[in-house]
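> Predicted model and sequence below, questions to follow.
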Amino acid sequence: MDLAFIARRLDAYERLIRLDKPIGTLLLLWPTLWAVWLAADGKPGAGIVVIFVAGTLLMRSAGCAVNDFADRNFDPYVERTRLRPLAAREIAPWEALVVGAILAVAAFGLVLYLNRFALVLSFLGLAIAATYPYAKRVFALPQAYLGIAFGFGIPMAYAAVQDQLPLECWLLLAANVFYAFAYDTEYAMVDRADDARLGIRTSALTLGRWDVAGVMTSYGLMLALLAVVGALRALAWPYYLGLALAGAMMVYHWTLIRERSREGCFKAFRHNNWVGAAVFAGIAASFAQP
């Protein structure tokens with residue numbers, strides 16, 4: 001086995017778990033950090049932060065491997081995904097499953113440092129993450145399922161820090177469901193033609209000409225729920241400034257997706273990283289107030 005072969009294999013594995021495309025990890029990470037900061041009243045322990053950041057990266061990477069395994073017979077026929085390692089036959093399906101399993105086990109190793117409640121909850125999170133790739137075969141709006149899968153770090157954070165799941169936790173999770181529904185619908189709008197041809201169900205296809213309205217409504221509900229969280233916690237003005245910045249970005253996204261071009265929709269999807277970052281900055285700054 002020569003070094004060139006090993007290098008090609010490692011490169012394929014890196015692309016399989018999207019280390020070259022961190023946007024997915026960031027879209028999971030920001031809501032998780034919202035929850036970590038709120039649950040800990042703005043003063044989370046360094047260990048908790050490290051566990052949740054590393055765990056987010058590992059679980060997102062494992063999810064990508066499982067997703068590509070589930071979509072291995074579809075991705076070769078979708079313009080955006082046809083060059084993924086599994087679709088391009090650079091690696092075998094069993095390799096994707098092995099990589100996903102190794103990463104999931106590594107993530108579980110981190111959970112062992114948390115309390116029993118978080119440990120038990122992690123099994124539910126794993127089941128949701130593992131079944132999401134198949135949701136598009138069953139549900140007309142799989143993006144809603146994604147919101148739960150991508151937001152499961154929220155109840156995990158409250159379980160780990162507070163050993164309970166208060167109302168605030170559920171409000172944050174609901175806000176993330178609408179957040180994920182918005183950005184993943186933008187993502188689905190990129191693949192609308194390919195998905196329709198292959199018979200894959202997505203919110204972009206289900207909503208039809210109401211897709212843009214659906215995205216903007218979801219953004220609005222996300223902001224409304226986050227405003228309720230801020231009011232219940234009596235968060236300071238920087239929090240609402242963060243929400244205002246996020247809202248301004250959402251208006252910008254509308255200008256990108258209203259024509260439904262592939263480029264505009266994909267740009268809007270990727271820009272959602274900054275929406276999550278703005279909300280987190282508002283939370284952190286609020287707790288930093290004297």
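Cool, the structure landed.
> Name the residues of stretch 242-259 that are buried.
Under the neighbour-count criterion of 16 or more other C-beta atoms under 10 Å, stretch 242-259 has Gly242, Leu243, Leu245, Ala246, Gly247, Met249, Met250, His253, Leu256, Ile257 buried. Backbone N, C-alpha and C define where each C-beta goes, glycine included.
> pLDDT averaged over that stretch - what is it?
Averaging the model's pLDDT scores along stretch 242-259 yields 98.
> now stretch 266-286
97.
> Could you check how far it is from the centre of its chain?
Mean-position distance between stretch 266-286 and its chain equals 13 Å (C-alpha atoms, centre = their mean, to the nearest Å).
> what do you get for stretch 80-95?
22 Å.
> got the end-to-end distance for that stretch?
22 Å (C-alpha to C-alpha, to the nearest Å).
> Ok, stretch 224-244 next?
Start-to-end, stretch 224-244 (C-alpha to C-alpha) is 11 Å.
> quick one: contacts of that stretch?
Here stretch 224-244 makes contact (C-beta atoms under 8 Å, 6 or more residues apart in numbering) with 38, 167-168, 171-172, 174-175, 178, 223, 278-283, 285-289.
> how about a cut-off of 6 Å?
By C-beta atoms under 6 Å, 6 or more residues apart in numbering, the surrounding residues in contact with stretch 224-244 are Glu168, Leu171, Ala174, Ala175, Leu223, Ala278, Val279, Ala281, Gly282, Ala285, Ser286, Gln289.
> show me what contacts the last one?
When you say that, I think you mean Gln289. Counting by C-beta under 6 Å, 6+ apart, Gln289 has contacts Ala236.
> Output the lowest mean pLDDT helix or strand found in this protein.
Every helix and strand in the chain was compared by mean pLDDT, DSSP states H and E; the lowest is helix 192-198, with a mean of 81.
> Return the set of buried residues in that helix.
Neighbour-count burial for helix 192-198, counted by 16+ other C-beta under 10 Å, picks out Arg192, Asp194, Asp195.
> Looking at the buried residues of stretch 242-259, which one is closest to Gly214?
Comparing the buried residues of stretch 242-259 against Gly214 with C-beta to C-beta picks out Ile257 as the nearest, at 10.6 Å.
> Could I get the average pLDDT for stretch 200-209?
Mean predicted confidence for stretch 200-209 is 86.
> same question, stretch 219-234
Computed over stretch 219-234, the average pLDDT equals 97.
> from the middle of its chain, how far away would that stretch be?
Counting by C-alpha atoms, centre = their mean, stretch 219-234 comes out at 19 Å from the chain centroid.
> For Leu146, list the residues it contacts.
Tyr132, Ala180, Asp184.
> tally of neighbours for Glu221?
Slight slip there: residue 221 is Leu, not Glu. Neighbour count for Leu221, taken as other C-beta atoms under 10 Å: 17.
> next one: Phe117
17.
> follow-up on the earlier one: closest to Leu112 among the contacts of stretch 224-244?
Glu168 (26.2 Å).
> Distance check, the closest one against Trp237.
Noted for Glu168: a distance of 19 Å to Trp237, by C-beta to C-beta, to the nearest Å.
> who's more crowded, these two?
Glu168 (18 against 12).
> C-alpha coordinates for stretch 173-180, PDB please?
Extracted in PDB, the C-alpha atoms of stretch 173-180 (Å, rounded to 0.1, in the frame of the first residue of the first chain):
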ATOM      1  CA  LEU A 173     -35.400  23.800  20.500                       C
ATOM      2  CA  ALA A 174     -38.600  25.100  18.800                       C
ATOM      3  CA  ALA A 175     -36.700  28.200  17.700                       C
ATOM      4  CA  ASN A 176     -34.000  26.000  16.200                       C
ATOM      5  CA  VAL A 177     -36.600  23.900  14.400                       C
ATOM      6  CA  PHE A 178     -37.800  27.000  12.600                       C
ATOM      7  CA  TYR A 179     -34.200  28.100  12.000                       C
ATOM      8  CA  ALA A 180     -33.200  24.800  10.500                       C
END
